[in-house]
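Asker: Predicted structure and sequence below. I'll ask about it afterward.
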Amino acid sequence: SYDNNVGIFVNGVYQTNRNAVDVELVDIQRIEVAKGPQSALYGRSTFAGAINYIYAEPTDEFEGAVTGTIGSDDDYGLKGYVSGPIVEGKMAGRLSLGYREFDGTFKNLAGGENLQGTESFGAVGSLKFTPTDQFTANFTAIYTDKEVDQDAQFNLTDLNCGLGAVPVPQYRCGDVPYQGDVDLSHEGGTDIESEQYTLKLEYEADSYILTSISSYSDADVRSLADRDYSSSGMTLPVCNTPGCGFSFSPVISRFQPGVEVFIGLETSAEDFSQELRIASNNTDGYSWMFGGFYYDSETSVHNDAGVLDTGLLPGESFASFIVNLAGLYSSNPAVDRVAFIENESQVETWALFGQVGWDITDQLTVNLEGRYTHEEKELRSAAGFYGEDSFNFFTPRLTVEYTPQENVLLYANISKGVRSGGFNDSVFLLTEERIFDTEENWTYEIGAKTSWLDDRLILNGAVFYVDWEDTQLPALNASGIGTHVG
């Protein structure tokens with residue numbers, strides 16, 4: 001369980017599941033991309049940058065539009081919006097709807113629909129309330145539902161390089177042979193359903209702006225995939241002595257053909273966040289901003305696997321340690337899916353942040369940002385692992401900008417990025433491998449942004465240097481059996 005390098009935000013709200021909101025289906029006003037560590041102001045999971053999708057707000061004048069797309073492989077899309085005043089001068093609303101379907105490009109020999117197709121629906125509704133010139137309230141509700149066919153995969157049998165946890169080849173060296181035909185059971189696929197509600201309150205006084213952003217989101221992901229990569233199933237060895245299925249060297253009694261193996265995933269995530277900040281307004285020569293942030297996330301992950309029909313007789317087991325560990329064994333042929341990994345995690349974060357800026361001269365500006373973060377993480381695993389720990393860190397950022405002339409900007413910045421630590425829940429790991437620490441980097445950048453010939457020619461350039469420590473990477477442990485991040 002570890003955080004992303006680049007944080008994804010929608011209207012300034014962090015997205016735990018970056019696949020939950022299908023931003024393609026709604027009317028995006030703009031996309032903000034901030035490179036380099038952005039922890040000071042953006043917060044969570046901005047170790048290397050941040051991407052913020054900003055939806056269009058309600059308008060005071062009535063307007064609307066509808067657009068459609070048609071492409072090959074039954075690619076159809078339709079989206080539109082309507083916006084305008086509800087109470088003249090006081091309240092405006094906006095409703096955006098989008099739908100897209102795509103049949104996919106990979107033919108499946110097993111029949112049915114093509115593979116890797118999608119069907120998506122999205123809706124965004126927003127209200128803007130302005131009872132006075134100083135106060136504004138924006139409420140936004142987002143709903144998306146996306147169904148994705150399973151990936152077009154095939155089983156690569158000629159592995160020739162490197163051994164896995166069980167001493168058999170697990171990797172391939174050299175070119176991967178192309179296989180044009182895909183033959184998968186077509187029951188697989190993924191369904192992603194999400195909803196998000198955001199309330200932004202803003203009060204603007206003569207010398208300051210007070211802002212509150214409250215958000216709640218709920219996302220559910222359900223998927224099922226053909227794990228034997230064939231509609232006809234796979235052949236598995238069978239043994240018939242007690243406990244033989246968990247032996248590394250069982251005595252095989254026979255082979256069972258046509259075993260259809262599936263792997264599934266169900267994920268549910270609920271997030272709540274609250275941010276309060278106060279910033280300078282109409283200041284001359286300086287700027288400032290201070291705020292606080294609270295975030296609570298609860299996630300449950302349920303992995304399961306199973307067979308549609310084991311074909312096993314009473315007293316028999318599949319003679320494979322890994323298959324049985326995954327829950328694919330049973331002496332009852334009616335067993336369909338057996339859970340083998342399930343965990344629940346919670347992340348609770350609070351942070352204090354601020355920014356001050358000075359216009360030292362008309363051409364030279366210095367900006368200093370900083371954020372102190374306290375994060376508590378907890379993980380409960382059905383495998384018997386329980387982890388609880390807290391992480392504290394400070395992330396500063398210093399920026400200097402110099403404008404020698406109107407069309408030339410020279411800048412330099414120094415920033416620190418921190419990716420929080422977390423837990424490894426593999427049952428194979430040693431105690432000291434269960435928790436991994438934070439990852440840090442210091443990023444140094446100098447650059448220039450220039451425009452010439454009445455903005456017909458734009459020349460930009462930058463040079464980076466990154467000092468990176470305690471990188472979080474998946475790796476095998478000393479025994480070669482368990483995979484962990486460390």
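Answerer: Nice, thanks for sending it over. Numbering: from 1, shown residues only.
Asker: pLDDT score for residue 21?
Answerer: What the model reports as pLDDT for residue 21 is 69.
Asker: any low-confidence regions in the stretch 251-400 of the chain?
Answerer: Within the stretch 251-400 of the chain, the stretches falling below the threshold (pLDDT under 70) are 308-310, 320-341, 382-384.
Asker: What segments of it are helices?
Answerer: Per DSSP state H, counting those that start in this stretch, the stretch 251-400 of the chain carries helices over the ranges 321-325.
Asker: now the strands for it?
Answerer: All strands of the stretch 251-400 of the chain, identified by DSSP state E, counting those that start in this stretch, fall at 254-259, 261-280, 286-307, 317-318, 337-359, 364-381, 386-405.
Asker: Against residue 377, how distant is residue 436?
Answerer: Residue 436 is 11 Å from residue 377, where distance means C-beta to C-beta, to the nearest Å. Bear in mind the C-beta positions are built from the backbone N, C-alpha and C, glycine included.
Asker: Same check on residue 87?
Answerer: Distance check for residue 87 against residue 377: by C-beta to C-beta, it reads 45 Å.
Asker: more neighbours, the two?
Answerer: Neighbour comparison, residue 87 and residue 377: the larger count goes to residue 377, with 22 against 11 (by other C-beta atoms under 10 Å).
Asker: show me the contacts for that one.
Answerer: If a contact means C-beta atoms under 8 Å, 6 or more residues apart in numbering, then residue 377 has 1, 345-347, 387-391, 420-423 as its contacts.
Asker: likewise residue 9?
Answerer: With contacts defined as C-beta under 8 Å, 6+ apart, residue 9 is in contact with 15, 42, 50-53.
Asker: Let's see that with 6 Å instead.
Answerer: With contacts taken as C-beta atoms under 6 Å, 6 or more residues apart in numbering, residue 9 has the following neighbours: residue 52.
Asker: Now name the helix or strand holding it.
Answerer: Following DSSP states H and E, one finds residue 9 within strand 6-10.
Asker: Name the next helix or strand following that strand along the chain.
Answerer: Scanning the chain past strand 6-10 towards its C-terminal end, the next helix or strand to appear is strand 13-14 (assignment: DSSP H and E).
Asker: Just the residues contacting stretch 405-417, thanks.
Answerer: If you take C-beta under 6 Å, 6+ apart as the criterion, stretch 405-417 is touched by 36-37, 39, 47, 395-403, 441-451.
Asker: List the buried residues for that stretch?
Answerer: If you call a residue buried by 16 or more other C-beta atoms under 10 Å, then stretch 405-417 has these buried ones: 409-411, 413-417.
Asker: Now these in TSV, please, with extra columns for pLDDT, distance to residue 268 and secondary structure.
Answerer: Written out in TSV, the entries for the buried residues of stretch 405-417 read as follows (pLDDT from 0 to 100; distance: C-beta to C-beta, whole Å; DSSP: H, G, I helix; E, B strand; the rest coil):
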residue	pLDDT	distance to residue 268	secondary structure
409	95	46	strand
410	96	49	strand
411	96	43	strand
413	94	39	strand
414	95	40	strand
415	93	34	strand
416	93	33	strand
417	90	29	strand
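Asker: would you turn the residues you listed into CSV with distance to residue 142?
Answerer: What follows is those, written out as CSV (distance: C-beta to C-beta, whole Å):
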residue, distance to residue 142
409, 35
410, 40
411, 35
413, 33
414, 36
415, 30
416, 32
417, 28
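Asker: Return the closest of these with respect to residue 140.
Answerer: For those, the residue nearest residue 140 by C-beta to C-beta is residue 417; the value is 28.8 Å.
Asker: where does the closest residue to the closest one other than its chain neighbours land in three-state SS?
Answerer: For residue 417, ignoring the flanking residues on the chain, the nearest one in space by C-beta to C-beta, 6 or more residues apart in numbering is residue 37 at 2.9 Å. Local secondary structure at residue 37 is given as coil here, using DSSP: H, G, I helix; E, B strand; the rest coil.
Asker: From the opening residue of stretch 182-197 to its closing one, how far?
Answerer: Across its full length, stretch 182-197 reaches 41 Å end to end, with C-alpha to C-alpha, to the nearest Å as the criterion.
Asker: Identify the residues contacting it?
Answerer: By C-beta under 6 Å, 6+ apart, the residues outside stretch 182-197 that reach it are 19-21, 106, 108-110, 112, 141-150, 152, 154, 216-226, 230-231.
Asker: How far off centre is stretch 299-318?
Answerer: On the basis of C-alpha atoms, centre = their mean, to the nearest Å, stretch 299-318 is displaced by 29 Å from the centre of the chain it belongs to.
Asker: How about it, which residues are buried there?
Answerer: Residues of stretch 299-318 classed as buried by neighbour count (16+ other C-beta under 10 Å): 299-307, 310-312, 316-318.
Asker: what do you get for stretch 181-188?
Answerer: Of the residues in stretch 181-188, those buried by neighbour count under the rule 16+ other C-beta under 10 Å are 182-186, 188.
Asker: quick one, what contacts the residue nearest to residue 417?
Answerer: Going by C-beta under 6 Å, 6+ apart, residue 37 touches 415-417, 443.
Asker: at 8 Å what do you get?
Answerer: Contacts for residue 37 (C-beta under 8 Å, 6+ apart) come out as 46-49, 395, 397, 415-418, 441, 443.
Asker: Any chance of those residues in JSON lines with distance to residue 98 as columns?
Answerer: Output for the contacts of residue 37, formatted as JSON lines (distance: C-beta to C-beta, whole Å):
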{"residue": "46", "distance to residue 98": "28"}
{"residue": "47", "distance to residue 98": "31"}
{"residue": "48", "distance to residue 98": "30"}
{"residue": "49", "distance to residue 98": "27"}
{"residue": "395", "distance to residue 98": "36"}
{"residue": "397", "distance to residue 98": "36"}
{"residue": "415", "distance to residue 98": "36"}
{"residue": "416", "distance to residue 98": "39"}
{"residue": "417", "distance to residue 98": "34"}
{"residue": "418", "distance to residue 98": "36"}
{"residue": "441", "distance to residue 98": "37"}
{"residue": "443", "distance to residue 98": "37"}
